[in-house]
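In: with the input below, show me the fold.
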Amino acid sequence: MSEPLDLGQLRSLVAIAECGGVGRAAASLHLAQPTVSQHVRALERRLKQTLLERDGRRSRFTAAGERVLAEARRLLAVHDEALGRLEAGSRRAVVVGSTETAAEGVLPQLLAALRDAYPGRPVQFSIDRSTAMTEGVERGTIDLAILLGFTPDTAGRPVGTLPLRWYARPGFRLPADGTVPLVAYSEPCGMRQRALAELGEAGLRAQLAAESTSLEGVVAAARAGLGVAVLPSAGAVPSGLVARTDLPPLGLIGVHLAARRGLDLDLEAAALTALGGLFDHLGPEARSLTPRRTP
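Out: Numbers count the residues shown, from 1 in each chain. Predicted coordinates for the structure are as follows:
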């Protein structure tokens, strides 16, 4: 019996044709570019035919490649239709993860969009810190995760930015010696590091007044008057707090959407559309990085 074809390799081949290149195919499949190239070489060895060849800086399908591409599309269509019927029967929940600081402003609109796109499909949420969310996506236990980060190596696709704000209880006064008491997440925390850096650049001395592993703890400490907290502005001001404008500006934090490998591309697209629309309602400083679809 002949060795069966690998569906993952066939899917990479189809993605190259549909996306216009190996790099774009890798991005759409959430794979590394060398992995997609290896899939093509493995198919060529299995079929003993050259499927792609270089044409300047681009790759093009050979005549044999075009024939294999047509068969790959047929095989994947049958496979995906069967899988869709089986998964519809199991009604597997879509697991959406989010950092605490993004949850209140982001998840309601994302939930509405997913319910519109997939009526009757259960949606389950997981709220945790970015490190836990990233690990869940990598393990495949989380389908989609909304992450916050400052650096390019933050997992997922950049979808927008949110302004960072200082928050404190109404009437809170800084100590007379100019020290800024800081309420922050426990390390590791990019927002905490940004706050310390900006205060230092402005010649102000910061003192850690309270730290917590949860958003509830950070807000409670600031509400109790222990110090000022740094949070992204992604909706209403936390109850019992007011924004402070007498401290150095903190700039923006990036919002990323991470998707597990093999996730339905239509599901990811629905989430991207929802997030793009969200930024339109968060004020002029929030900015979407998601291209708008034209009718």
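In: so which residues of the chain form strands?
Out: For the chain, strands defined by DSSP state E occupy the ranges 52-55, 58-61, 94-99, 123-128, 144-149, 157-168, 180-185, 206-212, 228-232, 242-244, 252-259, 287-288.
In: what's around the closest residue in space to Thr273 that isn't next to it in sequence, how many residues?
Out: Using CB to CB, 6 or more residues apart in numbering and skipping the chain neighbours, the partner closest in space to Thr273 is Ala113 (6.5 Å). C-betas here are computed from N, CA, C, even on glycine. Residues near Ala113, counting by other CB atoms under 10 Å, number 18.
In: just the one 3 residues further on next, same as before
Out: Burial of Asp116, expressed as a neighbour count using other CB under 10 Å, amounts to 10.
In: pLDDT at the nearest residue to it once chain neighbours are set aside, what is it?
Out: Nearest in space to Asp116, with sequence neighbours left out and distances taken as CB to CB, 6+ apart, is Ala270 at 7.9 Å. At Ala270, the model reports a pLDDT of 80.
In: who's in contact with Val255?
Out: When contacts are counted by CB atoms under 8 Å, 6 or more residues apart in numbering, Val255 touches 102, 106, 146-148, 158-162, 275.
In: count residues in the vicinity of Pro188, would you?
Out: For Pro188, the count of nearby residues is 10 (other CB under 10 Å).
In: again, but for Pro152
Out: Pro152: 7 surrounding residues under other CB under 10 Å.
In: now it: how far from Tyr185?
Out: Between Pro152 and Tyr185 the computed distance is 21 Å (CB to CB, to the nearest Å).
In: and the contacts of Val255 as JSON lines, adding neighbour count, pLDDT and distance to Leu69?
Out: Below are the contacts of Val255 laid out as JSON lines (neighbours: other CB atoms under 10 Å; pLDDT from 0 to 100; distance: CB to CB, whole Å):
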{"residue": "Ala102", "neighbour count": "24", "pLDDT": "71", "distance to Leu69": "40"}
{"residue": "Val106", "neighbour count": "27", "pLDDT": "72", "distance to Leu69": "39"}
{"residue": "Ile146", "neighbour count": "27", "pLDDT": "86", "distance to Leu69": "35"}
{"residue": "Leu147", "neighbour count": "23", "pLDDT": "84", "distance to Leu69": "35"}
{"residue": "Leu148", "neighbour count": "25", "pLDDT": "82", "distance to Leu69": "40"}
{"residue": "Pro158", "neighbour count": "14", "pLDDT": "83", "distance to Leu69": "32"}
{"residue": "Val159", "neighbour count": "22", "pLDDT": "81", "distance to Leu69": "31"}
{"residue": "Gly160", "neighbour count": "22", "pLDDT": "79", "distance to Leu69": "36"}
{"residue": "Thr161", "neighbour count": "19", "pLDDT": "81", "distance to Leu69": "39"}
{"residue": "Leu162", "neighbour count": "25", "pLDDT": "82", "distance to Leu69": "42"}
{"residue": "Leu275", "neighbour count": "24", "pLDDT": "75", "distance to Leu69": "33"}
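In: let's have those residues in CSV, adding distance to Gly171.
Out: CSV is the format used below for these (distance: CB to CB, whole Å):
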residue, distance to Gly171
Ala102, 28
Val106, 30
Ile146, 33
Leu147, 34
Leu148, 29
Pro158, 38
Val159, 37
Gly160, 33
Thr161, 31
Leu162, 26
Leu275, 36
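In: nearest to Arg58, of those?
Out: Arg58 lies nearest to Pro158 out of the contacts of Val255, by CB to CB, at 26.2 Å.
In: roughly how far apart are that closest one and Val255?
Out: To Val255, Pro158 is 7 Å away according to CB to CB.
In: about what we covered before: any idea which of the contacts of Val255 is closest to Leu51?
Out: Pro158 (32.9 Å).
In: quick check: bridge partners of the closest residue to Leu114 other than its chain neighbours?
Out: Leaving aside its sequence neighbours, Leu114 sits nearest to Val123 (CB to CB, 6+ apart; 5.5 Å). Legend: beta-bridge partners of Val123 under DSSP bridges are Val94.
In: export the strands of the chain to JSON lines and tack on distance to Ala25?
Out: Formatted as JSON lines, these follow (distance: least, CB to CB, whole Å):
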{"stretch": "strand 52-55", "distance to Ala25": "11"}
{"stretch": "strand 58-61", "distance to Ala25": "10"}
{"stretch": "strand 94-99", "distance to Ala25": "24"}
{"stretch": "strand 123-128", "distance to Ala25": "29"}
{"stretch": "strand 144-149", "distance to Ala25": "21"}
{"stretch": "strand 157-168", "distance to Ala25": "15"}
{"stretch": "strand 180-185", "distance to Ala25": "38"}
{"stretch": "strand 206-212", "distance to Ala25": "43"}
{"stretch": "strand 228-232", "distance to Ala25": "33"}
{"stretch": "strand 242-244", "distance to Ala25": "44"}
{"stretch": "strand 252-259", "distance to Ala25": "15"}
{"stretch": "strand 287-288", "distance to Ala25": "25"}
